[in-house]
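**Student:** coords below, sequence missing:
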Ligand code: CMC
């Protein structure tokens, strides 16, 4: 074996194995040959929550958590946030290259002309309770799209696949806006294809009786930047859900619904909603020390802080903090910003957070901007799901075309009982059964 290998000695047998190292990894399956006897299953790798497992090879998004670097297809996130648009970034993520002028205009045309949803989807929306969370409605209606486009299950037909990609990116804002309007008891607003991607979203959310909705250009651009920042983040929880569910070869709408459901959780896309609730609960700067104490005592998390990958700073948080000031020039300053800034200042000087490398993540400031733009907190995870759809699709496509991928199916370490004989119910009561209650 050459230098790029790992030599392992199994102390149970004294045998030595050479495992090749490729791209800084060893293959999990190479451990299977390490056995104590012929009928031994072989060694497995135990990695709950995949904290040290590469589940795929990818060319889409690069993160260096120590240095605070995020790049889509090798382009730094700061440059894309400054110079690109969400739809161009979506093209870049999905196809791997920045589009030419003609490609971009074709791409935008294909998406803009697919923003309308089937009228029956409105009936699905109407079935929800008046206070249904818009994320629950989004998860359900994205899944419902697969029933409107049954041909989407033909995932190996590239032309058909492209059509579903256009539809998914185009219809997410419409579903999101309809979910919001339903929860407010407002009439649905149909897409206005003269507007930009984010301008149209604002139109579908906020248009009242005016003949034509005119989005504020600063807010329209700010939302576009936020969408660029949220478009992909390599193998996070929801992307892993997209790939894992997609690996069963289900249609992309169903896989996207699974990804949306994963994003809904408070430790993932629900965190910006949780940040705002936390800031509102703190209420004033003088109550921050008491709150920090509770965090350090393990009673609460400091929401919007910490990241599995970033251990220095989250580059998206830096762009968003800057953006906040531009937005506040239009909307007026959000008083929660002062609490957030002070919370950040105190936390970054505190040993508890320094030791654990806990810094503000993307969600710490995005919620404050969203609130200033008039979005209710329940809409925050939805505003994350819309742009992340581009990343989910890019990752799903890469998975489908990767010959090394198969249906995702992890192993387990079974720690339950060995075989037991079935006990008829009449004999299960009483001390003689030897059974303790299974229900607490
Ligand atoms: N507040 C207080 N303590 C924390 C926090 C926090 N936000 N995050 C981590 N810790 C502590 C944790 O208790 C642990 O302490 P100890 O070593 O004493 O047990 C230590 O820091 C390491 O944390 P961990 O739980 O092992 O870290 P993780 O990589 O498993 O979790 C995380 C990452 C993002 C789930 C976590 O930091 C967290 O729950 N943060 C708050 C929720 C949040 O802001 N989520 C948004 C993430 S970014 C956007 C996205 O991915 O959707």
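**Tutor:** Noted; the coordinates are in hand. Computed from a predicted structure; not experimentally measured. Numbers count the residues shown, from 1 in each chain.
**Student:** what about the residue of the stretch 1-150 of the chain found nearest the ligand, how many neighbours?
**Tutor:** Nearest to the ligand in the stretch 1-150 of the chain, going by C-beta to the nearest ligand atom, is residue 49, at a distance of 6.9 Å. Backbone N, C-alpha and C define where each C-beta goes, glycine included. Close neighbours of residue 49, defined as other C-beta atoms under 10 Å, add up to 8.
**Student:** the chain should start at 267 in everything you say after this.
**Tutor:** Done: numbering now begins at 267, and the last item shifts to residue 315.
**Student:** measure it to residue 662 for me?
**Tutor:** Applying C-beta to C-beta, to the nearest Å, the value for residue 315 to residue 662 is 22 Å.
**Student:** same question, residue 575
**Tutor:** Residue 575 sits 21 Å away from residue 662 when distances are taken as C-beta to C-beta.
**Student:** more neighbours: those two, which one.
**Tutor:** Comparing residue 575 with residue 662 by neighbour count (other C-beta under 10 Å), the higher total belongs to residue 662, at 25 against 15.
**Student:** quick one on the thing from earlier: pLDDT score assigned to the residue of the stretch 267-416 of the chain closest to the ligand?
**Tutor:** You'll see residue 315 listed with a pLDDT of 95.
**Student:** where does it land in three-state SS?
**Tutor:** At residue 315 the chain is in helix, as set by DSSP: H, G, I helix; E, B strand; the rest coil.
**Student:** go ahead and confirm residue 513 touches residue 668.
**Tutor:** No. Shown here, residue 513 and residue 668 do not form a contact pair, counting by C-beta atoms under 8 Å, at 10.0 Å.
**Student:** the two: which is more packed in?
**Tutor:** Just comparing residue 513 and residue 668: by other C-beta under 10 Å the higher neighbour count belongs to residue 513, 19 against 14.
**Student:** pull the number of nearby residues for the residue of the stretch 467-616 of the chain found nearest the ligand.
**Tutor:** Closest to the ligand within the stretch 467-616 of the chain is residue 572: 2.4 Å, counting by C-beta to the nearest ligand atom. Around residue 572 there are 19 other residues, counting by other C-beta under 10 Å.
**Student:** repeat for residue 274
**Tutor:** Residue 274 has 16 neighbours, counted by other C-beta under 10 Å.
**Student:** got it, and residue 564?
**Tutor:** Close neighbours of residue 564, defined as other C-beta under 10 Å, add up to 7.
**Student:** ok, residue 341 next?
**Tutor:** Residues within reach of residue 341, counting by other C-beta under 10 Å, total 15.
**Student:** for it, report the pLDDT, please.
**Tutor:** Per-residue pLDDT puts residue 341 at 98.
**Student:** so it touches residue 358, yeah?
**Tutor:** Yes. With contact defined as C-beta under 8 Å, residue 341 reaches residue 358; the gap is 7.0 Å.
**Student:** what's the overlap in contacts for those two?
**Tutor:** Here residue 341 and residue 358 have residue 364 as joint contacts, going by C-beta atoms under 8 Å, 6 or more residues apart in numbering.
**Student:** helices or strands up against the helix or strand where residue 604 lies?
**Tutor:** Using DSSP states H and E, the element containing residue 604 is helix 601-615. Secondary-structure packing of helix 601-615 (3 or more C-beta pairs under 8 Å, 6 or more residues apart in numbering; DSSP states H and E): helix 537-548, helix 554-562, helix 628-638.
**Student:** now do it against helix 537-548, angle only.
**Tutor:** Interaxial angle of helix 601-615 relative to helix 537-548 (axes from the mean of the first three to the mean of the last three C-alpha atoms, to 10 degrees): 100 degrees.
**Student:** give me the three-state assignment for residue 461.
**Tutor:** What three-state DSSP gives for residue 461 is coil.
**Student:** need the pLDDT of it.
**Tutor:** Residue 461 is assigned a predicted lDDT (pLDDT) of 98.
**Student:** how many neighbouring residues does residue 642 have?
**Tutor:** 14.
**Student:** distance of it relative to the ligand?
**Tutor:** As judged by C-beta to the nearest ligand atom, to the nearest Å, residue 642 and the ligand stand 19 Å apart.
**Student:** what residues does that residue make contact with?
**Tutor:** By C-beta under 8 Å, 6+ apart, the contact set of residue 642 is residue 446.
**Student:** neighbouring contacts of the helix holding residue 604?
**Tutor:** Outside helix 601-615, the residues that touch it by C-beta under 8 Å, 6+ apart are 541-542, 545-546, 548-551, 554-555, 557-558, 568, 571, 590, 594, 619-620, 624-626, 630-631, 634, 637.
**Student:** check the residues you listed for burial and list the buried ones.
**Tutor:** For the contacts of helix 601-615, a burial check counting by 16 or more other C-beta atoms under 10 Å picks out 541-542, 545, 548, 554, 557-558, 568, 571, 590, 619, 624-626, 630-631, 634, 637.
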